[in-house]
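J.: Quick one, fold the following:
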Amino acid sequence: MTMPLWPPIASALAGQVDLLLAGLLALVSLLTIPVFVLLLVFAIRYRRGSSADRQHSASRKIKLEVSWAIIPFALSLIFFVWAAKLYFDEHNPPDGALEVDVLAKQWMWKFQHGGGEREINELHVPAHRPVELNMISEDVIHSLYFPALRIKQDVLPGRYTTLWFEADRPGTYHLFCAEYCGTSHSEMGGQIVIMEPAAYEAWLERTPSDLSLAAEGADLFRSLGCSGCHVTSPIVHAPPLDGVFGNPVPLASGKVIVADEAYLRDSILLPKKNVVAGYEPIMPSFEGRISEEQLVQLIAYVKSLATKQENRG
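T.: You can find the predicted model right below:
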């Protein structure tokens, strides 16, 4: 796969970003080219030995001076609002997006689909459907970059970040790490394969898959002994997990926090950070005892409990 001088466009957002860039380039040219032209004209006209009149003008053109400050400012504000809207749209995924978990590590990208399909340095997604990537790093800061989609997002250790897109042009395109992450940073690349929905479903059927992330998380939940406390137990008093994800949780400190991926991660690694109201801080920390990939599995399992609770309701 060759690398073109200008990346192809594989989504509507990519076209809007290119249009914004072209408009901004035109605005900058409109504001700067006259300056350099006048510099050249004045350099020639007022060169040493020329007969040009060098006396200061007795009158000031206030309207002209004000206009060349206000007009560029107003034009710049237009581009600011335009860029802010694109930024807002890019960072607010729609409901019902296809979720893929991303684990970055030196020096590879691991993509984990909800059905158990796993890929390394290659991501298959359907066209004409929103896709949301839930990302975290196992070691250092990385940055997932899709040139054809014109999107990029830092992937951080110890903190979840998200990225979403809706591709509309099937094909195979580059993906890169855009943050220097070590000696083999230049090798941390791959490709995104955008497929028609029917072709994507066929790919899922023929791709080997293990247990889903939620099912693996359920097995890990039991093997770590978590079910002995969080499932009804006459001995240990621990908060139930059914339906907790995505809902507000009252804390012993008096605060209320939404149970998102970051909250679940902290609850596993730093259980005394956000103690649920009405419960004692007796849960042990699993920091250093489980890998980042196992954390993703556990969180997927707890998220599935919320879905089951909704279905029962």
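J.: Quick check: which helices or strands does the biggest helix by length in the chain pack against?
T.: In the chain, taking DSSP state H as the definition, the longest helix is helix 12-45. Applying 3 or more CB pairs under 8 Å, 6 or more residues apart in numbering; DSSP states H and E, one finds that helix 12-45 contacts helix 62-90. To be clear about C-beta, it is placed using only N, CA and C from the backbone, and glycine gets the same treatment.
J.: Quick check: what element follows the helix it packs on along the chain?
T.: strand 98-105 (DSSP states H and E).
J.: Neighbouring strands - and their directions - for that next one?
T.: strand 108-113 (antiparallel), strand 131-137 (parallel) (DSSP bridges).
J.: just the angle between the helix or strand following the last one and strand 108-113, please?
T.: Which is strand 131-137. Going down the chain from strand 131-137, the next helix or strand is strand 142-146, by DSSP H and E. Inter-element angle recorded for strand 142-146 and strand 108-113: 70 degrees (by axes from the mean of the first three to the mean of the last three CA atoms, to 10 degrees).
J.: got a list of contacts for strand 142-146?
T.: Under the contact criterion CB atoms under 8 Å, 6 or more residues apart in numbering, strand 142-146 has outside partners 10, 102, 104, 109, 133, 135, 151-155, 163, 165, 173-179, 181, 188, 192.
J.: TSV please, covering the strands paired with strand 98-105 and showing mean pLDDT.
T.: Output for these, formatted as TSV (pLDDT from 0 to 100):
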stretch	mean pLDDT
strand 108-113	92
strand 131-137	93
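J.: Please report the distance of residue 119 from residue 37.
T.: 54 Å (CB to CB, to the nearest Å).
J.: and this structure, what are its domains?
T.: Domain assignment for the chain, taken from automatic domain parsing, gives 1-43+64-210, 215-312.
J.: picking up where we left off before, more neighbours, residue 119 and residue 37?
T.: residue 119 (16 against 10; other CB atoms under 10 Å).
J.: pretty sure the more buried one is touching residue 111, no?
T.: Yes. Counting by CB atoms under 8 Å, residue 111 is a contact partner of residue 119 at 4.4 Å.
J.: list the residues that contact both of those two?
T.: Counting by CB under 8 Å, 6+ apart, nothing touches both residue 119 and residue 111.
J.: ok, residue 294 - contacts?
T.: Residues in contact with residue 294 (CB under 8 Å, 6+ apart) are residue 220.
J.: most distant residue from the middle of this structure?
T.: Most distant from the centre of the chain: residue 51, at 62.1 Å, with distances by CA atoms, centre = their mean.
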